[in-house]
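Asker: Give me the fold of what follows.
(one chain, ligands or ions: 2)
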Amino acid sequence: LSTKKKWKPPVASVLELGGVKIAKDDVVRDDPTNNVPDTIFAKLGMQLHRRKQHPIGILKNAIYEYFDANYPNKFDTFDDLCPIVSVKQNFDDVLVPADHVSRSLNDTYYIDSQTVLRCHTSAHQAELLRGGHTHFLVTGDVYRRDSIDSTHYPVFHQMEGVRVFSPEDWEASGVDGTDYAAQDLKKCLEGLARHLFGAVEMRWIDTYFPFTNPSYELEIYFQDQWLEVLGCGVTEQEILKRSGKLDNVAWAFGLGLERLSMVLFDIPDIRLFWSTDERFTSQFSQGQLGVKFKPFSKYPPCYKDMSFWISDSFTENNLCEVVRGVAGDLVEEVSLIDNFTNKKGMTSQCYRIAYRSMERSLTDEEINDLQWQVSGCAIDSIQDRKPY
Ligand code: FA5
Ligand code: MG
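Answerer: Ligands and ions are numbered 1, 2, ... in the order given. Predicted coordinates:
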């Protein structure tokens with residue numbers, strides 16, 4: 001089967017990121033650990049969050065406004081920190097255990113064994129705390145190997161928020177530092193949600209993060225289901241201790257900016273954030289939060305099913321990477337629809353791939369060609385023993 005890749009426009013070979021120059025060879029190179037494909041490299045440096053007319057940039061500025069209004073001149077803001085960070089920054093500094101799944105090559109893009117594309121903006125918490133910052137917001141692009149559907153994309157944007165309290169902040173309140181911070185955190189984020197959305201249906205879910213305790217997620221009701229929009233909690237004491245803040249308590253949050261934008265502007269699919277089609281880009285302007293996105297007619301999806309015997313090393317994230325590598329943003333969803341294990345213990349899975357363009361109708365010929373290439377590449381990668 002053919003594994004020929006479709007022609008793609010060439011990717012810039014040198015990038016400037018947060019004042020650091022990075023050559024493509026430094027990122028996409030022949031290190032055995034490296035699992036960053038060209039499609040991901042091409043997204044580095046796009047910085048959608050710094051575009052004033054883009055929904056992500058408009059949202060960032062609206063959040064800044066909320067913090068300015070409620071905590072005048074308190075929060076330091078960063079939106080140009082380099083997304084290429086050390087394993088230490090991304091994981092160790094925020095107490096992610098050595099055996100945590102998020103560290104695996106299946107979940108994170110590694111440039112080499114010590115360097116990753118940050119998978120969350122929490123990667124910058126520890127250094128900023130050490131640098132003496134006590135109130136800050138960090139916005140940036142983050143990278144994850146993940147499943148494919150309308151609310152997941154391998155590159156997305158987060159905003160981290162951290163606020164440090166001193167004993168005098170909670171001592172008069174009658175509750176301990178942790179409870180005080182947890183209450184303040186929820187009040188702050190509920191206020192932010194009201195500032196952005198007015199009335200909206202939302203709920204708090206208890207959860208787990210290695211770097212906070214207690215930890216919560218906020219979900220908002222959107223398109224007939226609950227959508228997780230952020231994670232947050234009271235910062236683990238160990239993180240503060242390591243930055244010399246023994247007597248303090250802090251809260252932290254990480255907002256999913258695409259998810260919040262989808263709710264805010266009624267954007268139905270996360271791929272649209274990368275669209276350069278004027279019918280998308282022209283609908284948003286600086287400072288305007290009230291506008292609802294008007295889909296430019298919905299083009300029909302086309303479904304293709306694919307089944308195969310899987311080996312122990314098969315993962316859905318690897319399959320998704322293959323599909324994205326061939327079909328790019330023409331793939332809307334990859335879902336497991338059947339899973340069968342025979343008497344010999346061999347497992348066969350059937351995946352359904354939904355192809356749909358946001359911008360035009362796809363022809364049968366084009367889809368058949370994509371599916372042919374996907375199955376060729378998928379078979380190669382399933383049988384191939386190289387990591388990915
Ligand atoms: C984190 O990344 C934590 N660092 C957040 C945090 C910060 C918690 C500080 C506590 C303190 P999580 O993996 O849940 O958590 O991601 C945060 C948000 O990013 C999610 O709620 C969701 O809105 C968004 N998100 C996660 N994966 C994707 C994806 N593939 N595509 C788009 N948005 C995503
Ligand atoms: Mg989560």
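
Asker: Please look at Ala182 and Pro214 and confirm they touch.
Answerer: Yes. Look at Ala182 against Pro214 with CB atoms under 8 Å: they come within range, at 6.0 Å. Bear in mind the C-beta positions are built from the backbone N, C-alpha and C, glycine included.

Asker: any common contacting residues for these two?
Answerer: Each of 233-234 lies in contact with both Ala182 and Pro214 under the rule CB atoms under 8 Å, 6 or more residues apart in numbering.

Asker: show me what contacts the residue of the stretch 251-388 of the chain at minimum distance from ligand 1?
Answerer: Nearest residue of the stretch 251-388 of the chain to ligand 1: Gly256, at 2.0 Å (CB to the nearest ligand atom). Gly256 sits next to 156-158, 228-230 when contact means CB under 8 Å, 6+ apart.

Asker: Okay, and which of those residues map to strands?
Answerer: By the criterion of DSSP state E, membership of the contacts of Gly256 in strands covers 156-158, 228-230.

Asker: tell me, which of the residues you listed make contact with ligand 1?
Answerer: For ligand 1, the contacts drawn from these by CB under 6 Å from any ligand atom are 156, 158, 228-230.

Asker: circling back: I'd like the distance between the residue of the stretch 251-388 of the chain closest to ligand 1 and Ile56.
Answerer: Applying CB to CB, to the nearest Å, the value for Gly256 to Ile56 is 11 Å.

Asker: intersection of neighbour lists for those two?
Answerer: His157.

Asker: Dig out what the residue positioned nearest the centre of the chain forms beta bridges with.
Answerer: With distances taken as CA atoms, centre = their mean, Phe156 lies nearest the centre of the chain, 3.9 Å away. Taking DSSP bridges as the rule, Phe156 bridges to Val142.

Asker: cool, Lys21 as well?
Answerer: Glu16.

Asker: helix, strand or coil for Thr207?
Answerer: With DSSP: H, G, I helix; E, B strand; the rest coil as the basis, Thr207 sits in strand.

Asker: Can you tell me the number of residues neighbouring it?
Answerer: By the criterion of other CB atoms under 10 Å, Thr207 has 14 neighbours.

Asker: show me where pLDDT drops low in this protein?
Answerer: Filtered on pLDDT under 70, the chain yields the residue ranges 1-12, 18, 382-388.

Asker: Near ligand 1, which residues of the chain are found?
Answerer: 120, 122, 144, 146, 152-153, 156, 158, 160, 209, 211-212, 228-233, 252-254, 256, 258-259.

Asker: Weed out the non-buried ones from those.
Answerer: 120, 122, 144, 146, 153, 156, 158, 160, 209, 211-212, 229-233, 252-254, 256, 258-259 (16 or more other CB atoms under 10 Å).

Asker: residue with max distance from the center of the protein?
Answerer: When distances to the mean C-alpha position of the chain are computed (CA atoms, centre = their mean), the maximum falls on Lys343, with 39.6 Å.
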